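**Q** Generate a structure from the sequence data that follows.
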Amino acid sequence: MAACGSVLCFHQPLSQCLSLFSLISLIYNFFPHTVVMREDSVCVTVLQHGPSPVTNGPEVDVQLVLAKIIEHKEMIQFKTDVGGYQGLLELLDVRVEGATGWRVGATLHGGVILDSVKQRRHRFGSNTLPPIHDKSIWALIKESVQDDRVLQLLIGAAVLSILLGMVSPATWEDGAGLSSGWIEGAAILVSVFVVVTVGALNNFHKQKQFSHVLRQEGKTKSLIAVWRYELLSPSATSQELQLCRREVPAEEIVVGDVVEITSGMELCFDSILFDGAHVVCDECCVTGESEEVVKSLEQDPFLVSGSCVLEGSSDAVAVVCSVGEKCVSGGIAMSVRDTEKKSTPLQDQLGVVAKRIGTAGFAAALLTFVTLLLKDVFSTVTTGRAFAAMSFVENLTAAIAIVVVAIPEGLPLSVTISLAYSMLHMLRDGNLVRHMAACETMGGATVMCVDKTGTLTSPHAVLSRVFFEGKTHALAKSESMTDVCTSNRPQPVGDSGIRVVVSSVLTANLLMECVLSNSLDPVRGRPVNATAEALLQLRRCLYITNVEKAESLFTYDVPELMMRMCDKSRCVRFPFTSAQKKSSVVMSAPCGELRQYVLGGLEVVLDSCSHILTAFGELETLTTERRLALGSVLQDYARDGYRCLCCAYAVLSPGSEGIASIGPLSSSLNFLAGFAFQEEIRPEVPMAMRASACAGIRIVVITGDGLLTSVNVAYRCGLLSLAGIITGEDTRHNVSSSTLHWLLVNGYVIDGPVFRNSTDTELMEKYIWRLCVLSRATPLDKKRVLQLLKRDDPFAVVAVTGDGANDAPALKLSDVGFAMNSGSDVAKRSSDIILLHDNFAGMVKAIMWGRNVKDNVRKFLQFQLTVNFVACSFAFFGVLLSEASLSPLKPVQLLWLNLIMDTLASLALATELPCETRLLSRLPEPRDTPIVTPSMWFQVIVQGVYQLVVQLWMLVAGHRLFGGSVGTVVDGVDRM
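**A** Below is the predicted model:
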C-alpha cells in the first residue's frame with residue numbers, strides 16, 4: 001500500500017501540471033500575442049503564427065533568420081514573424097528612451113548597455129571573419145613536394161639509387177660496396193631538401209609581407225558611430241545610465257547596436273533602418289544591380305552588408321541584426337575564401353613562357369636519356385657485358401634532374417616576391433596596395449586623372465577673404481598667392497587675420513547661423529569636412545560696431561543652435577554632395593520664422609539668388625547689373641587662385657506636411673556672403689609633375705572647383721608649362737585673361753557645363769586628346785572622361801583618384817584606382833591603391849615601383865633563359881662527347897644549380913631597389929609589349945653560346961690546360 005500511495009502521490013501533481021499546460025495552450029491559441037522571454041540578457045521571441053524561425057531553441061540562429069529576411073527584403077515576414085520594428089527592439093533587447101518607447105516616424109534614441117557588449121559578442125559572435133592563419137614552414141615544404149610531380153619522381157629515383165647502390169654487384173666490383181654505394185642518392189635527397197626548404201622560407205617571408213599589408217589595410221577603415229548606455233560613474237547603480245555616443249572600429253560592433261548611417265559608409269553588418277532620413281544605397285556587390293536604392297521605413301528599411309551608402313547623415317540610425325560570418329557579406333566571403341586567387345597579368349605572361357621553357361627542357365632531358373640509354377646498349381652489345389641496372393637508374397636520375405632545372409618554377413615566384421617586396425616599400429612611401437595586379441599595371445600608366453583639392457593642394461584651407469554687406473574683407477598681410485597690393489579691392493581693417501566688421505546684429509546672426517548650420521555636425525559636434533573647418537574661422541574674426549562705432553567680437557549661442565539642429569521637428573539637413581555642389585539646412589529660427597540656409601559653389605548659389613542682403617539687414621533686388629558686379633568680385637577671387645563658396649538664405653512657409661516637406665533648395669534665395677579660401681600647392685607636387693612629364697605620363701586635373709581656380713592651380717603646379725602649352729610665363733603669377741581664353745578655344749581646358757552639353761564626337765575631336773583641366777566636374781563627368789580616354793586610345797592605361805562615394809564608378813572603370821585615405825570607405829573599397837597621405841607624389845612613386853617590378857622580373861627571366869639554355873645544351877652535348885657515356889653534370893650538381901638559379905637568384909634579382917632617375921626617364925611601354933624583348937633575346941643567345949662553347953672546349957680540351965687525360969676515371973668517378 002505504501003508503494004501504491006507513493007505512486008498516486010507522484011501522478012497527482014503530474015496530472016495537475018498537464019492540465020495547467022493544456023489551459024495555457026488553449027489561452028495562447030485563443031489570444032494571439034507575443035510572449036517575450038529573456039535569456040542571457042538578450043530577448044528571444046516565441047511567435048504565434050505556427051512554427052516560427054525565431055524561437056528560443058538552440059537549433060535556430062536568430063542572426064541567420066534576420067540576415068535572410070534582410071537579404072531577400074521580406075517586409076511581410078519582418079512584420080509577422082519578428083513583430084516589426086517594436087518586435088525587433090524587444091528581440092535584441094535594445095533600450096529606448098522615453099516612457100512610450102519608439103514609434104514609426106520618430107527618432108530612435110536608444111542603444112544597448114555597454115556592460116552587455118562582451119556578453120553579446122560571446123553569444124552572437126564578433127564582427128570579424130575567422131582569421132586565415134599563415135602556413136607554417138613545414139606546411140609550405142609539404143605543399144611544395146605535393147604540387148611538384150617532377151620533384152616527386154626525382155625523390156623516387158634517388159631512393160631507388162640508394163637501394164641499388166647498396167645491393168648492386170656492379171658497385172661492389174667498382175669498390176664502392178655497401179658502405180658507399182648510397183652516397184650519390186643520399187646527396188640528391190639532401191639537395192632536394194635544401195632546395196625545397198629554401199623555397200619554403202622564401203614563400204614564408206613573402207606570406208609575412210602580405211599579412212603586414214593586409215593589417216595596414218584594416219587600419220584605413222573609418223570608425224562607426226554607435227549609441228550605448230554607460231554608467232554615469234564607477235559607483236553608479238545599474239539604473240543610473242546615460243546614453244552616450246562613441247566611435248568604435250567596425251570589428252567592435254555587436255548585434256543590437258544602434259549605429260549612425262552616414263554617407264560613404266561601407267556596411268559590414270546587416271541592419272534595419274529606424275529613421276526616415278534620406279538614405280540611398282548601392283547594392284550592386286550583393287544583388288548585381290547597379291541602380292541606386294532609396295531606403296524607406298514602409299517599403300525597404302533593410303541595409304544589406306556589403307552595400308555602400310551613397311547618401312546619408314548622422315540623423316539616420318539603424319539597429320544591427322547580424323555580424324561577422326552570419327551576415328550576408330560574411331557568408332559570401334566565407335564561401336569564396338578557399339577559391340584560388342586570380343593571377344596577375346604578368347604572372348599569366350610568365351606562365352606561358354615557363355610552359356614553353358619546360359617543354360623545351362623536357363625535350364632536352366628526353367634526348368639526353370635516350371642518348372645515354374643507346375650508348376649503354378651499344379656498349380653492352382659490343383663488349384658483351386651484362387646490362388647494369390645502376391647505370392639505367394643514374395641515367396634516369398640525370399634526365400629527371402635536367403627537367404627539374406629546366407622547368408622555371410622560379411618565374412612566377414619571382415613576380416610574387418617582387419610584388420610583395422614592392423608593396424611593402426610602397427607602404428612606406430604612403431601607398432597601400434589593395435590589389436596585387438595594380439602594382440605592375442601602374443608601371444604602364446599613360447594617363448593620370450587627379451583631383452585638385454587635397455591631392456595637388458594642401459588639405460588645410462585658410463579663409464582668406466569675405467565679401468559681405470557689399471564690401472570685401474581681405475587679409476591683413478600679403479598671405480595670398482598673389483600680392484594683395486595689386487588688387488583694387490579695399491584693404492582689411494586690423495592687423496591680425498581677417499576682421500569682418502558689420503553694423504547690424506541681424507545680418508551677423510544670419511551669417512553665423514548660415515555658416516554654423518552648414519558646417520557643424522550637430523551629433524558629433526565637429527566640422528563636417530576640412531572646408532567647414534576653415535569656414536569656422538569666421539567665428540574668431542566677426543566684429544560688430546555699436547552706436548559709438550566701437551568694435552567688439554560678435555558672439556553666437558552655438559549650444560542653442562545645436563539643440564535646434566538635433567530636433568528633427570525644427571530642422572532638416574541636406575548634406576553636401578559632389579553632384580549638387582551644395583548643402584542646405586531648413587530650420588526654425590527663435591523668432592518663429594522658417595529659414596533655409598544654403599552653402600555651395602559660386603555658380604550654383606548665385607544663379608538661385610533673386611535678392612542680396614546689404615548693410616543694416618536690408619534686402620535689395622539682385623538686378624542684372626548688380627549680379628554682374630557681384631560675379632566680377634567673386635571671379636577676381638578665383639582669378640587670384642582662391643577657391644570660392646557662397647552662402648544664401650530664404651524665409652519659407654511650411655507646407656501642410658510640416659518642415660519635412662521642404663526641399664533641399666529654394667528657387668528664390670537672398671545672397672548673404674562670399675568666401676575665398678587659400679589652398680597652397682603641396683611642396684612636393686611641382687617636382688612630381690616634372691617627374692611625370694619625364695616619364696611620359698599625361699596629367700588631367702578633374703575638379704569640382706570653378707574654372708579660374710582650377711586653371712590657376714594647374715598652372716602653379718607646372719602642369720601647363722610642362723605639357724608645352726604655356727611657355728615663357730612666371731608660374732608665381734596667375735594665368736592672364738588672354739591666356740585663359742586661348743586655353744579654352746584650343747581645347748586644353750573645358751568647363752563642366754560645356755563638357756556636359758557636348759556630344760562624345762565633339763569632345764573626341766576637340767578636347768579629349770589634349771585635355772588638361774576639367775573644372776566644375778561631377779563624378780559622372782569623371783567617369784565619362786575615362787570612357788572617352790579609352791576610346792581615344794584603346795591601349796591607354798588610365799589611373800584616377802577619388803575620395804567620395806560617388807567616385808566609386810570611376811575608380812572601378814579605371815585601370816588603377818587611387819582612393820584618398822581621408823575619403824569614404826566606399827571609395828577605398830572600389831580602389832586598387834590607397835594614398836595614405838592623400839598626395840599626388842604617391843602616384844608617381846607607384847609608377848616607379850610598377851616599372852621596377854617588370855624590370856626585375858625581366859632581369860631574372862634573362863638569367864633563367866641563359867642558364868637553362870647552357871645547362872640543357874651542355875648536358876646533352878656532353879653526353880655525346882663523353883667516352884664513358886656519362887653526363888658531365890651529375891644530378892646533385894644540377895640540383896644545386898637549380899637552387900641558385902630558381903631560388904637565390906630570384907630572391908636577389910626580384911628585390912633589387914629601383915633607380916628613380918632611370919625608371920622615370922623613359923616613356924611607358926605599350927600594353928602589347930612582350931615580356932621578352934628583342935634585346936633580351938640577343939643577350940640570351942650571345943651569352944648562352946659563349947658559355948656553351950667555353951664549357952664544351954673545357955670538357956674536350958681542358959686536360960691539356962690543367963693536365964691529365966680526357967675521360968680519365970679515378971676511383972669510379974668520371975673526370976671530365
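**Q** Find me the pLDDT at the nearest residue in space to C268 that is not next to it in sequence, would you?
**A** Nearest-residue entry for C268: A250, 4.9 Å, with adjacent residues in sequence omitted and distances by C-beta to C-beta, 6 or more residues apart in numbering. To be clear about C-beta, it is placed using only N, CA and C from the backbone, and glycine gets the same treatment. Note for A250: predicted pLDDT of 87.
**Q** OK, contacts around A250?
**A** Shown in contact with A250 (C-beta atoms under 8 Å, 6 or more residues apart in numbering): N127, K221, I224, C268, F269.
**Q** sec struct for the second one, please.
**A** Each residue gets one of three states, and K221 gets coil by DSSP: H, G, I helix; E, B strand; the rest coil.
**Q** Quick check: the gap between it and D838.
**A** 16 Å (C-beta to C-beta, to the nearest Å).
**Q** Compare these two (neighbour count), which wins?
**A** Under the criterion of other C-beta atoms under 10 Å, the comparison of K221 against D838 puts D838 first, with 23 against 15.
**Q** Isn't that one up against M820?
**A** Yes. Judged on C-beta atoms under 8 Å, D838 makes contact with M820 at a distance of 4.6 Å.
**Q** joint contacts of those two?
**A** G454, T455, D803.
**Q** ok, those vs Q242, which is closest?
**A** Ranked by distance to Q242 (C-beta to C-beta), these are led by D803 at 35.4 Å.
**Q** Need the phi and psi values for the closest one.
**A** Dihedral pair for D803: phi -140, psi -20, per degrees, to the nearest 10.
**Q** okay, the nearest residue to it once chain neighbours are set aside: pLDDT?
**A** In space, and not counting its chain neighbours, D803 is closest to G823: 3.0 Å by C-beta to C-beta, 6+ apart. At G823, the model reports a pLDDT of 79.
**Q** same deal with the one 3 residues further on?
**A** For V826, the pLDDT comes out at 77.
**Q** Next: A796.
**A** 90.
**Q** And V586, by the same measure?
**A** Per the predicted model, pLDDT is 87 at V586.
**Q** mind listing what the host helix or strand of it pairs with, with the direction of each?
**A** If you go by DSSP states H and E, V586 is part of strand 582-588. Sheet pairing of strand 582-588 (DSSP bridges) gives strand 571-577 (antiparallel), strand 594-601 (antiparallel).
**Q** neighbouring contacts of that strand?
**A** 513, 517-518, 528, 564-565, 570-576, 594-601, 604-605, 652, 659, 662, 664-665.
**Q** What are the buried residues along whichever strand or helix holds G358?
**A** Assessed by DSSP H and E, G358 sits inside helix 345-383. By 16 or more other C-beta atoms under 10 Å, the buried positions in helix 345-383 come out as 346-347, 349-350, 353-354, 357-358, 361-362, 364-365, 367-369, 371-373, 375-376, 379.
**Q** Stretch 538-545 now?
**A** L538, R539, C541, L542, Y543, I544.
**Q** Please report how far the fourth one lies from M565.
**A** Separation of L542 from M565 (C-beta to C-beta): 20 Å.
**Q** helices or strands next to the helix or strand harbouring V404 in the packing?
**A** Using DSSP H and E, V404 maps to helix 389-406. The contact analysis (3 or more C-beta pairs under 8 Å, 6 or more residues apart in numbering; DSSP states H and E) places helix 389-406 against helix 149-167, helix 169-173, helix 183-218, helix 345-383, helix 840-881, helix 891-898.
**Q** Alpha carbons of the strand holding V586, in CSV - could you do that?
**A** Output in CSV follows, covering the C-alpha atoms of strand 582-588 (Å, rounded to 0.1, in the frame of the first residue of the first chain):
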residue,chain,number,x,y,z
LYS,A,582,25.8,72.5,-52.2
SER,A,583,24.5,71.8,-48.8
SER,A,584,21.3,73.2,-47.2
VAL,A,585,19.6,73.4,-43.8
VAL,A,586,15.9,74.1,-43.2
MET,A,587,15.5,75.4,-39.6
SER,A,588,13.0,77.2,-37.3
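**Q** And that strand, what's buried?
**A** Residues K582, S583, S584, V585, V586, M587, S588 are the ones in strand 582-588 that count as buried (16+ other C-beta under 10 Å).
**Q** Of those residues, just say which sits nearest to K135.
**A** Minimum distance to K135 across the buried residues of strand 582-588 is 50.5 Å, recorded for S583 (C-beta to C-beta).
**Q** How about the backbone phi and psi for W937?
**A** Per-residue torsions, W937: phi -60, psi -40 (degrees, to the nearest 10).
**Q** related to what we said a few turns ago, using a markdown table, lay out the buried residues of strand 582-588 together with distance to E618.
**A** Shown next, in a markdown table, are these (distance: C-beta to C-beta, whole Å):
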| residue | distance to E618 |
| --- | --- |
| K582 | 25 |
| S583 | 27 |
| S584 | 24 |
| V585 | 24 |
| V586 | 24 |
| M587 | 23 |
| S588 | 24 |
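**Q** what's near enough to touch A827?
**A** Contacts of A827 were listed using C-beta under 8 Å, 6+ apart, and they are G264, G802, D803, G804, A805, D807, A808, L811, A819, M820.
**Q** What does it show for phi and psi?
**A** phi -60, psi -40.
**Q** Relative to L788, how far out is the spatially most central residue of the chain?
**A** In the chain, the centroid-proximal residue (C-alpha atoms, centre = their mean) is K828; its distance is 3.6 Å. Distance, K828 to L788, using C-beta to C-beta: 26 Å.
**Q** Break this structure into its domains for me.
**A** 1-28, 225-335, 429-456+683-848, 937-976 (automatic domain parsing).
**Q** closest to I113 out of those?
**A** domain 225-335 (4.7 Å).
**Q** Would you mind measuring from the closest residue to L923 other than its chain neighbours to V447?
**A** Excluding its sequence neighbours, the residue lying closest to L923 (C-beta to C-beta, 6+ apart) is G696, at 3.7 Å. To V447, G696 is 10 Å away according to C-beta to C-beta.
**Q** Kindly report the same for F840.
**A** Distance of F840 to V447, given as C-beta to C-beta: 14 Å.
**Q** ok but H133 is inside a strand, no?
**A** No. Counting by three-state DSSP, one finds H133 to be coil, located in no strand.
**Q** Helix, strand, or coil at the residue nearest to the centre of the chain?
**A** Strictly by three-state DSSP, K828 counts as helix.
**Q** pretty sure it contacts A819?
**A** Yes. Using C-beta under 8 Å, K828 is in contact with A819, at 4.5 Å.
**Q** what sits up against the helix or strand L506 falls within?
**A** Per DSSP H and E, L506 falls inside helix 505-519. By C-beta under 8 Å, 6+ apart, the residues outside helix 505-519 that reach it are 468-469, 502, 527-528, 532-533, 535-536, 538-539, 542, 544, 554, 556, 558, 561, 565, 571, 573, 576, 583-585, 587, 589, 595, 597-599, 613, 615-617, 647-649, 672-673.
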